[in-house]
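S.K.: what follows is a predicted structure for the sequence shown.
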Amino acid sequence: MLILVFRNNIPKTMSGNSFTKINGDFKHKDILSLSQFSTSDLTLLFKHIPTMKVLAANAKPSELLAGNIVTLLFYEPSSRTFGSFGAAVKQLGGQTIDIINPQQFSSVAKGENLEDTIRVFEAYGDAIVIRHPEVGTAQRAANIAQFVPVLNAGDGNGEHPTQALLDLYTIYEKFNRLDNLTCVFAGDPLNSRTIHSLMDGLSLYNGNTIYLLSPKELQLSQNDITKFTKKGLKLHIINNGKDMPKTADVWYWTRVQKERFTDLKAYDKVKDSFYLTKELVSQFAGKDTIFMDPLPRVGKIDMLVDEDPRSEYLRSQIRNGMYVRMALMALVLGKIK
Amino acid sequence: MLILVFRNNIPKTMSGNSFTKINGDFKHKDILSLSQFSTSDLTLLFKHIPTMKVLAANAKPSELLAGNIVTLLFYEPSSRTFGSFGAAVKQLGGQTIDIINPQQFSSVAKGENLEDTIRVFEAYGDAIVIRHPEVGTAQRAANIAQFVPVLNAGDGNGEHPTQALLDLYTIYEKFNRLDNLTCVFAGDPLNSRTIHSLMDGLSLYNGNTIYLLSPKELQLSQNDITKFTKKGLKLHIINNGKDMPKTADVWYWTRVQKERFTDLKAYDKVKDSFYLTKELVSQFAGKDTIFMDPLPRVGKIDMLVDEDPRSEYLRSQIRNGMYVRMALMALVLGKIK
Amino acid sequence: MLILVFRNNIPKTMSGNSFTKINGDFKHKDILSLSQFSTSDLTLLFKHIPTMKVLAANAKPSELLAGNIVTLLFYEPSSRTFGSFGAAVKQLGGQTIDIINPQQFSSVAKGENLEDTIRVFEAYGDAIVIRHPEVGTAQRAANIAQFVPVLNAGDGNGEHPTQALLDLYTIYEKFNRLDNLTCVFAGDPLNSRTIHSLMDGLSLYNGNTIYLLSPKELQLSQNDITKFTKKGLKLHIINNGKDMPKTADVWYWTRVQKERFTDLKAYDKVKDSFYLTKELVSQFAGKDTIFMDPLPRVGKIDMLVDEDPRSEYLRSQIRNGMYVRMALMALVLGKIK
């Protein structure tokens, strides 16, 4: 079902060159970056999650998105994000048009530009979810789409706002707050999109302390240290698991990528220091510390940790991904407020 | 939901070696070629389009195809046609089974022939939409399918009837007639499937004049000139943009393909003469001339022309593609008459 | 719609290292192997098939699986099995999440293990259908999935239980019994997964006689001869079509694969002896003999045999595949009993 504005040819509010703030109203907005969200926008989104859980678990199917069609335009396959968005739409009774690797499709292969592809797909449905390997592509797509909202499902080293939202919600759900938390973000604070997004999110709230555990080579840049400190985060740069606090609420693990090192000896030396093991857990984790990971967990978390009840990466993080996307879809398509 | 004839094992009317005329009754007919359509069949189809627009825009989801399953069997990916057929089915509440590149699927890779593949898929749903790189494949598929209609979504240099129908409808919608029109078909009248289909369609009506603008190498063949002239079209062969009429209702742009030229110098010489620019528009377009293109627009239309309100290629042509396919599906599956 | 047990976090009955017997109750059970089925389980499943036929043929769409989401996780594309499971879910009003070749998706490509992939997808829907080239993978997946049932859609040389079930149902539907039958299983009794499954199934019933027609090189192993004879099947090993009985109820054709032969001359010598032709039919088939084939038929059955009314491979075998999967899905998801 095309949304009414489409029928009437009333264009959506365009994003322009900067991200449009949500400002309490999700309807027909592009969702491109966590920076669009204020704390009250997050509160509004999170308020709807419990309802989404009920809708997903109900025997009676939800019809919240009945008649709605969402195009999943994935220039780079990602089974988890693709499945999560698809499930979100279908759990609410909507349908998807699945376009995976359109660059292998004839028209794009013949040289069709992103602009034309977006204009084509905005004619077919109510929203476009785009995944693309290049930074800024979601924003470009949003500027092209005149009638339907565009949701960023990850654009390279750019943004992946629904990942950040599900991470924040997972923390919020556990501790019932997003302030006054102590977190360990491990792995690659220099490059990790996920860590940057989480710090963006947590810096909206007061009293958060972040331990950034990484090899020296992958420490947060001095610029970012200054920026996030100004925003109110208390940062502790540590290079050794032994310096981890015993009081952390959240451990969040990201990958130390071999390709970031020019000196492979340096990589070999550090790689095992940033691996989440049962031993690390028994030495440093608190009773209520939760362990998170954006997945895939390759090279980061020992499978022996999976059974620990504090491991959330294969449990609530995954499910919350679907619930957050359900709520977001329903909000953006104007089905809830 | 399998259609009733399937349950009762009453075979559909088979196409045989020639295309079955629609003759006022779409139900359970294969849709393989524009040549199946008379002017009254086109009128019948077009009559339903406004309803389809309303169904697509309605807040209440359509259930016209509820319970219907359509297989999209694409031996050659085409994101636009695939998305358009998928959206058409889903806008009406139906579902699709998406089979892209079955030749990479195990059974076809093991050497399964088209015949067996079609018989398998006709058991699963109510219709098969087939796209294939080889001429005549849709007809072959239609001859195999005993119980469900087959719709041709393009078979190589053969036919692509829904493209022709959406083009004709786009013109019809704009001018409220398909007779007494003046059109410029530019690019490659010798080879373009789209131009041939449009001339087939327009030759059903009286008083149409076609300017065929192309390099000499890609002029319409003498045979075709004779054929279409006999059918009643007034043809003007022109090789230079300067000879374009200022009174055309429709400009339709097709691609001058490098690979058609044995002499690349000849190609280099002509390629830029057949490019739709703002300058060409300002010199030759009338107030109500519409600009069309089957897309992708690569090498044909300058993006600066996109914003011209007379450009229909990224606007009504795309949307009409979905509406025409919605109406066609509903007619063929016997849901409307 | 997530099933209620998921909401309540009550884990399903786990399969462990041996297959859980159905024992009259399909609800939330993994379907991994024909060996889970007793004769009364088969009777129970088959009892529902006529209803499934009606549901598929009804003008009114079925809502038996409305709100249900089934993930089709195909590590190896198989158009027929994929289409059949997808159609089964959709014919009953459910939806699917289609993941084809997840090993090409980023997270699996980055090295995500099967365990994590399964845990991710079990969070998105109500069941996982898995196809995988390696033996035992469906069982592994079932042991990982804690809340949703896993259905084996073929794991290499392992099991493909829904194929066996549709084969047995096709025989049952025709003869109204599964005992006291005479069958010819031709091709490769040594290696064919399908023949082994069929013999497993038929050995649950009394009085069945099996002629195993193959080149000497592909005869059933002595171990298996002993095993199936103990289970009550009367076996006749034959190496020549001339030794076929004229009284068989069922002919089931499997492929003689070149790659099984170390001596290619041996292959060339025998390959044509195990080909189903009109001549073989006219010499040995009875009036009511049915011809079956798991497809693709490449190198096994002459297309001239297709029109013989006794050929079931492109007729009831295909359709029964969908009906059997519909009934199985509805049983496993607890929608029928």
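M.R.: Here it is on my side, so go on.
S.K.: quick one: A:Val54 and B:Ile171, what's the gap?
M.R.: 51 Å (Cβ to Cβ, to the nearest Å). C-beta coordinates here come from the backbone N, C-alpha and C atoms, glycine included.
S.K.: which residues in the stretch 151-300 of chain A form strands?
M.R.: Taking DSSP state E, counting those that start in this stretch as the criterion, the stretch 151-300 of chain A carries its strands at A:182-186, A:209-213, A:234-238, A:250-253, A:290-292.
S.K.: of A:Val54 and B:Ile171, who's got more company?
M.R.: Remark: of A:Val54 and B:Ile171, B:Ile171 carries more neighbours, 26 against 11, as counted by other Cβ atoms under 10 Å in any protein chain shown.
S.K.: return the residues of the stretch 201-337 of chain A in contact with chain C.
M.R.: Taking Cβ under 8 Å from any Cβ of the partner chain as the contact definition, the stretch 201-337 of chain A meets chain C at A:Leu295, A:Pro296, A:Arg297, A:Val298, A:Gly299, A:Met303, A:Leu314, A:Ile318, A:Arg319, A:Gly321, A:Met322.
S.K.: what is the burial count for the fourth one?
M.R.: Read it as A:Val298. Using other Cβ under 10 Å, A:Val298 has 13 neighbouring residues.
S.K.: just the last one next, same as before
M.R.: Taking other Cβ under 10 Å as the criterion, the count of residues near A:Met322 is 24.
S.K.: about what we covered before: what is the nearest of the residues of the stretch 201-337 of chain A next to chain C to chain B?
M.R.: Chain B has its nearest neighbour among those in A:Met322, at 20.7 Å by Cβ to the nearest Cβ.
S.K.: contacting residues around the closest one?
M.R.: Counting by Cβ atoms under 8 Å, 6 or more residues apart in numbering or on different chains, A:Met322 touches A:Ala56, A:Ser84, A:Ala87, A:Ala88, A:Gln91, C:Ala123, C:Tyr124.
S.K.: hang on, it in a helix?
M.R.: Yes. Looking at A:Met322 with DSSP: H, G, I helix; E, B strand; the rest coil, it is inside a helix.
S.K.: per-residue pLDDT, it?
M.R.: On pLDDT, A:Met322 comes in at 98.
S.K.: for it, give its distance to A:Thr254.
M.R.: As for A:Met322, its distance to A:Thr254 is 22 Å (criterion: Cβ to Cβ).
S.K.: how much space separates whichever residue of the stretch 51-200 of chain A sits closest to chain B from chain C?
M.R.: Nearest residue of the stretch 51-200 of chain A to chain B: A:Gly67, at 2.6 Å (Cβ to the nearest Cβ). According to Cβ to the nearest Cβ, to the nearest Å, A:Gly67 stands 14 Å off from chain C.
S.K.: that residue is in what secondary structure piece?
M.R.: Here A:Gly67 is covered by no helix or strand, with elements defined by DSSP states H and E.
S.K.: chain neighbours aside, what residue packs nearest to it?
M.R.: B:Pro61 (2.6 Å; Cβ to Cβ, 6 or more residues apart in numbering or on different chains).
S.K.: what does the stretch 51-200 of chain A put close to chain C?
M.R.: Residues of the stretch 51-200 of chain A lying near chain C (Cβ under 8 Å from any Cβ): A:53, A:56-62, A:76-80, A:82-84, A:86-87, A:90-91, A:93, A:95, A:98.
S.K.: let's see it at 7 Å
M.R.: Counting by Cβ under 7 Å from any Cβ of the partner chain, the residues of the stretch 51-200 of chain A close to chain C are A:56-62, A:76-80, A:83-84, A:86-87, A:90-91, A:98.
S.K.: count of neighbours near A:Asp272?
M.R.: A:Asp272 is flanked by 10 other residues according to other Cβ under 10 Å.
S.K.: whoops, A:Met329 was the one
M.R.: Other residues within reach of A:Met329 by the criterion other Cβ under 10 Å amount to 29.
S.K.: Three-state assignment for it, please.
M.R.: Assigned by three-state DSSP, the conformation of A:Met329 is helix.
S.K.: list the residues that contact the spatially closest residue to it that is not a sequence neighbour.
M.R.: The spatially closest residue to A:Met329, leaving aside those adjacent along the chain, is A:Ala88, at 5.6 Å (Cβ to Cβ, 6+ apart). For A:Ala88, the contacting residues are A:Met322, A:Arg325, A:Met326, A:Met329, by Cβ atoms under 7 Å, 6 or more residues apart in numbering or on different chains.
S.K.: again, but for A:Arg319
M.R.: Counting by Cβ under 7 Å, 6+ apart, A:Arg319 has contacts C:Ala123.
S.K.: got phi/psi on it?
M.R.: When read as degrees, to the nearest 10, the backbone of A:Arg319 gives phi -60, psi -40.
S.K.: what is the burial count for the closest residue to A:Asp288 other than its chain neighbours?
M.R.: Leaving aside its chain neighbours, A:Asp288 sits nearest to A:Asp249 (6.9 Å; criterion: Cβ to Cβ, 6+ apart). Applying other Cβ under 10 Å, we find 20 residues neighbouring A:Asp249.
S.K.: ok, A:Asp249 - contacts?
M.R.: Here A:Asp249 is in contact with A:Phe175, A:Leu181, A:Thr182, A:Cys183, A:Asp288, A:Thr289 (Cβ under 7 Å, 6+ apart).
S.K.: nearest spatial neighbour of the first one, skipping sequence neighbours?
M.R.: Leaving aside its chain neighbours, A:Phe175 sits nearest to A:Asp249 (6.0 Å; criterion: Cβ to Cβ, 6+ apart).
S.K.: could you check the pLDDT of that neighbour?
M.R.: pLDDT, A:Asp249: 98.
S.K.: so how far is A:Asp167 from it?
M.R.: Distance from A:Asp249 to A:Asp167, by Cβ to Cβ: 13 Å.
S.K.: could you do A:Asn320 as well?
M.R.: Using Cβ to Cβ, A:Asn320 is found at 8 Å from A:Asp167.
S.K.: and A:Lys90, by the same measure?
M.R.: Counting by Cβ to Cβ, the gap from A:Lys90 to A:Asp167 is 23 Å.
S.K.: number of nearby residues for the residue of chain A found nearest chain C?
M.R.: The nearest approach of chain A to chain C comes at A:Pro61, 2.6 Å away (Cβ to the nearest Cβ). Neighbour count for A:Pro61, taken as other Cβ under 10 Å: 22.
S.K.: check A:Gly125 too.
M.R.: Other residues close to A:Gly125 by other Cβ under 10 Å number 28.
S.K.: my read: it touches A:Ile97, true?
M.R.: Yes. At 6.2 Å, A:Gly125 and A:Ile97 qualify as touching, with contact defined as Cβ atoms under 7 Å.
S.K.: quickly list what's touching both of those two.
M.R.: With Cβ under 7 Å, 6+ apart, A:Gly125 and A:Ile97 have common neighbours A:Ile69, A:Thr71, B:Ala87.
S.K.: isn't the second one right up against A:Gln95?
M.R.: No. Under the contact definition of Cβ under 7 Å, A:Thr71 does not touch A:Gln95, with a separation of 10.2 Å.
S.K.: quickly list the domain ranges of chain A.
M.R.: Per the record, chain A has its domains at A:4-159+A:318-332, A:162-305, by automatic domain parsing.
S.K.: which of those domains sits most buried?
M.R.: Sort the domains of chain A by mean neighbour count, taking mean count of other Cβ atoms under 10 Å in any protein chain shown, and domain A:4-159+A:318-332 sits at the top with a mean of 21.
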